[in-house]
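Q: pasting the sequence and the predicted coordinates here, then a few questions.
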Amino acid sequence: MQITLYTQTKPYNTITRNMTAPITINGVLRDDCDLLNPEIEIEYNATNINKNYAYIPDFGRYYYFRKPPTIDGKKIILHLHGDSLYNYRNVIYNSYCVAERSSSNYDLMLPDSVVMGEQGYTIFNRVLPYKFHPEQGEYILTIAGGI
Amino acid sequence: MFGTKINNVYKVCNGIEFYDDYVADLGFECNENQDIKICIDGWAYKDFTVSDDTFSGTELEYYEGISSETFGCNTSNSAQADPIGIEVTLPAQYAQANTRVALYLIDGGGDNDSFVYFGIRTYNPISEQWVTGQTPFMLYDMSGGNQKNFYSIGLPGNTPPGTVQWLWSRFDEMVTRCNTVRGTMSSAYVGTYYQITRISTNVPIFDTLAHAEAFLVDPDNTTGLLNVPSHTDPEHDYINDQKYYKMKNLFARGSGSTWTPIQNINYRIKPVGGKICLYKTTPTAGHPYEWRLKGWRNGYDFYASDGIVYDDDDDFYNISDVTETFLEHSLKFDNVSYRVNIFDTDIPTWENEQDADDYINGLKDITEALNYDYIARTNQEILGPDIGLADIGNDNGTNGMVYSYGSRMYVMSSSHLAGFFADVFDTANINDILAGTQLFGTNQINAISGINYFPCAISEFCSVASVGATPHVGSWVCPTATSNGYVTQNNKLIDCGGDYLKPIYNDFRDLEPYQQLWVTLPFCGTHQLQLTKYLNKYMSFKYSIDAVTGACSCHVYADGIELDTFDGVCSSQRPITAIDQTTYLSNVIGSVNSALSSGVGVVSSGAQAIGGAVTGNALSVASGIGGVAGSGASGVLGAYNVLQAVDNPPMVTRGGSSGCLGFFGCTQIHLHFYQKKTIKPAHALMLCGAPSNVSGTVSSFAGFLKCSTFKMSDGFTGTNDELNEIMSLMKNGIYV
């Protein structure tokens, strides 16, 4: 089967990929594997072994290397895992969700656990200008009388 | 005829105001039996940084009239300080038949020293021809007009016009010479003048010639009409040259072909006199922008960077290349990808260009902007309640009780009091006193009901009459003593001022329990207030004092609405008789004991209340973001709860004092803000976002996204394992 290998530089918890330097080679699907976790045997080549991402046209899926390739003589065994996030990116983009946390649509008035409390308080004081003057006050003398 | 009166000054561009004496009469035609009215005068703001003999202060204020000395534009009468100003009423019989007329603005160029001129355009709707060459108005004798403080409107060296002029010439003189000039004085006065030309007319005025001509041909076309009343919210619609608009760019495409997000950059944008707004567009190859910035300044539309300056304050991004950098980082939309550029801004934002035009032309109110909620929040405005009547201010009652008959409350200083008792205890007066106080039987000293000492002038909370009045005891009149008058009404509130409480962080940390507000009130103790009620409002205080008992109440207001009241006692009763002495001691000692015993309770219960509130909120915080705890923050939250529970402001409270004890307390109102110390990681928003609870498609989010609920849309062709994996990823957080 044909397999295209890439150098991919985006972390797998992002929804986009940055694939460069593709090479297409032939490989053999090993026994006892499944569609999501295929193991492919390819011929040893220094270029091939430095790849980290793959596309298998027969399966219509992109795969990342779930662990480093195993070298067996003149063969390289690729341990792949289906990149679900990227394979279904379009349908994911169109799916609805309720965001618990977001970098773009957020409400800063909601308490955020990322903000941690330190010991103590910063104290701000303000004083208003009006002042009572008990040192120079006045008396009220109440007397019955007068008109 | 139609047209409505403008209720407020409506500034439409830098340096020009249209005000409400006259507004556009859109049915205007010169052959109709009506007057043409136009009033132009010059005003100025002064903003001085150094006081001098003539002006003082640094605040902006109107300075009516522009003198030759200060502006040098009245050389024909340089010795006088006449204002530039003219008000002309053109009687209808002078008007030329079958002519529609409209004015339009012409940008004289310049940014900080912009000149704004007027043009006039006329049209004959009968012949459907533009009237050119000949002026549209009949001869008009200026000497018969209603001239308002008019002497000259000329620039230096210009001779005022003669008494007989064409109105066209008068317009020409007025609008070209009463231009808008902004400049800085460099002579004896240190500061800046902002000259405003104020115009009021019933002639329709348009922002451009094209709009004026469109109106003249079709009076229903009022695009760009300036002197039109349509604003329900003029406070937000005039041009404030001091205002900076903000744009916080959260995520955007980087320069070149990379996809490195440019994020969390603050821009500060200041239009050079004019309105700006954003509106949505459909990106095309030639204009790859989802949003366009549009503005209006001095009669011209501008786009993008024209007419906008950017402040490079330390807290804001320094834009070296306005056009490229600003648009690339903030507004450019790449329609190849699902990536979106997301930003917060208080620039009014509109669905399309028509709406933007309507806003700029004054036909749409800012409250209709897509982002008005954000504008209102960032501008610290109050969004009125949805139900009931808006509370427009507190209506404190007034004490109408009259105190001057039967018994009088004399206002006295210490020396007055000494004089009074000198008369009372003068043996020469005993018989007269006894005769004058027979009504009180054998207990004649009871005619003197009380002596109270107050820590302020009595006139601050009472109406006082008859300064110098002689005290009466019963029907006996003191032979020598005088007073500072007597109380007629106890009817005044003492205004102690206030302060505007601005948030510090603009996030949840501005509220309890992260921030607490305490107030120390003279004679009324120290109390914690609910900060939420006062944040983003003007907090003010007033005291009411009972002249008879000395009881006082401190009224606390938020934007003029009374929300809290605290009571105390602010006067000290001076004993006169032995009975008074006993009562006084009993009261004071009793109240001290009460304060001591209850004070402990206050402190204790206060601490419990604080601890409870903080802990309770922290627990709710923890429960609200339990998902985060699952990703490794549980230890943080646990420690935070413990910290919050034991770490409270070291505040001890007590109520009012009795006797003279309150005099030794604070004499001014103190506000104490206890701001919990917190640490917010610098890149938290980019790395792990902020609490959201917003729903939408995944494509409407950018950056970090962690879902509490995720529903895969139809069209998913993967396996159940893949679906579970995606669900798990979405709930643990991905970067979109």
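A: Yes, it's here.

Q: right, and the helix or strand after the helix or strand bottoming out on mean pLDDT in chain A?
A: In chain A, the helix or strand scored least confidently by mean pLDDT, DSSP states H and E is helix A:46-49, which has a mean of 78. Beyond helix A:46-49 on the C-terminal side, the first helix or strand identified by DSSP states H and E is strand A:53-56.

Q: partners of that next one in the sheet?
A: Strand pairing for strand A:53-56, using DSSP bridges, gives strand A:2-8 (antiparallel), strand A:61-72 (antiparallel).

Q: quick check: which of the ones you listed is buried the most?
A: strand A:2-8 (a mean of 19; mean count of other CB atoms under 10 Å in any protein chain shown). Every residue, glycine included, has its C-beta placed from N, CA and C.

Q: quick one: contacts of that one?
A: For strand A:2-8, contacts defined as CB atoms under 8 Å, 6 or more residues apart in numbering or on different chains pick out A:17-27, A:40, A:42, A:48, A:50-58, A:64, A:78.

Q: what mean pLDDT does the helix or strand where residue B:519 lies have?
A: Residue B:519 is located in strand B:515-521, with elements delineated by DSSP H and E. Looking at strand B:515-521 alone, the average pLDDT works out to 91.

Q: residues in contact with the least confident helix or strand of chain A: which ones?
A: A:5, A:23, A:25, A:42, A:69, A:71, A:76.

Q: do the same with stretch B:495-504
A: A:126, A:128-130, B:380, B:510, B:515, B:517, B:531, B:534-543, B:557, B:669, B:671, B:675.

Q: of the contacts of strand A:2-8, just the buried ones, PyMOL syntax please.
A: What follows is the PyMOL syntax selecting those of the contacts of strand A:2-8 that are buried according to 16 or more other CB atoms under 10 Å in any protein chain shown:
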select buried, chain A and resi 17+19+25+27+40+42+48+51+53+54+55+56+64+78
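
Q: hey, where'd the helices end up in chain A?
A: Here chain A has its helices, by DSSP state H, at A:46-49, A:84-87, A:89-93.

Q: quick one: the last one near chain B?
A: Yes - between helix A:89-93 and chain B, judged by CB under 8 Å from any CB of the partner chain, the touching residues are A:89, A:91-93.

Q: for chain A, longest strand please?
A: Ordering each strand of chain A by length in residues (DSSP state E) puts strand A:116-131 first.

Q: residues in contact with residue B:429?
A: Contacts of residue B:429 (CB under 8 Å, 6+ apart): B:423, B:476, B:479.

Q: if we go to 10 Å?
A: B:422-423, B:436, B:473, B:476, B:478-480 (CB atoms under 10 Å, 6 or more residues apart in numbering or on different chains).

Q: let me know the closest of those to chain A.
A: Of all those, chain A sits closest to residue B:473, with 5.2 Å by CB to the nearest CB.

Q: which residues does the closest one bridge with?
A: Beta-bridge partners of residue B:473, as defined by DSSP bridges: residue B:476.

Q: ok, back up a step: restricted to helices, list the contacts of residue B:429.
A: Going by DSSP H, the helices hold B:422-423, B:436 from the contacts of residue B:429.

Q: put the alpha carbons of the least confident helix or strand of chain A into CSV.
A: C-alpha atoms of helix A:46-49 as CSV (Å, rounded to 0.1, in the frame of the first residue of the first chain):
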residue,chain,number,x,y,z
ALA,A,46,17.5,7.6,6.7
THR,A,47,15.0,10.0,5.4
ASN,A,48,12.0,7.8,6.2
ILE,A,49,13.0,7.4,9.8
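
Q: nearest spatial neighbour of the one residue in the stretch 601-736 of chain B that gets nearest to chain A, chain-adjacent residues omitted?
A: Closest residue of the stretch 601-736 of chain B to chain A, CB to the nearest CB: residue B:703 (2.6 Å). Leaving aside its sequence neighbours, residue B:703 sits nearest to residue A:103 (CB to CB, 6 or more residues apart in numbering or on different chains; 2.6 Å).

Q: quick check: phi and psi at the one you found.
A: Reported as degrees, to the nearest 10, the phi and psi values for residue A:103 are phi -80, psi -10.

Q: go ahead and confirm it touches residue B:691.
A: No - the criterion here is CB atoms under 10 Å, and residue A:103 misses it with residue B:691 at 11.5 Å.

Q: next, show the common contact partners of those two.
A: With CB under 10 Å, 6+ apart as the test, residue A:103 and residue B:691 both reach residue B:706.

Q: between those two, who's got more neighbours?
A: Shown here are residue A:103 and residue B:691; by other CB atoms under 10 Å in any protein chain shown, residue A:103 has more neighbours (28 against 25).

Q: circling back: next, count neighbours for the residue of the stretch 601-736 of chain B closest to chain A.
A: Considering only other CB under 10 Å, residue B:703 is surrounded by 24 other residues.

Q: with the one 4 residues further on instead?
A: One way to gauge burial is a neighbour count; for residue B:707, by other CB under 10 Å, it gives 26.

Q: for it, give the beta-bridge partners.
A: Assigned bridge partners for residue B:707, using DSSP bridges, are residue A:99.

Q: where does the stretch 351-500 of chain B dip in pLDDT?
A: B:361-362, B:373-374, B:376-395, B:404-405 (pLDDT under 70).

Q: which residues in it form strands?
A: Assigned by DSSP state E, counting those that start in this stretch, the stretch 351-500 of chain B shows strands spanning B:407-412, B:448-454, B:463-465, B:472-473, B:476-477, B:486-489, B:493-500.

Q: adding mean neighbour count, write those strands out as TSV.
A: Shown next, in TSV, are the strands of the stretch 351-500 of chain B (neighbours: other CB atoms under 10 Å in any protein chain shown):
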stretch	mean neighbour count
strand B:407-412	25
strand B:448-454	21
strand B:463-465	17
strand B:472-473	24
strand B:476-477	18
strand B:486-489	22
strand B:493-500	17
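
Q: right, and those - which one's nearest residue B:682?
A: strand B:493-500 (29.2 Å; CB to CB).

Q: direction included, what does that closest one pair up with?
A: strand B:538-545 (antiparallel).

Q: what's the helix or strand following the strand it pairs with packed up against?
A: Next in sequence after strand B:538-545, counting helices and strands by DSSP H and E, comes strand B:551-558. Identification of packing neighbours for strand B:551-558 by 3 or more CB pairs under 10 Å, 6 or more residues apart in numbering or on different chains; DSSP states H and E yields strand B:493-500, strand B:515-521, strand B:525-529, helix B:531-534, strand B:538-545, strand B:561-569.
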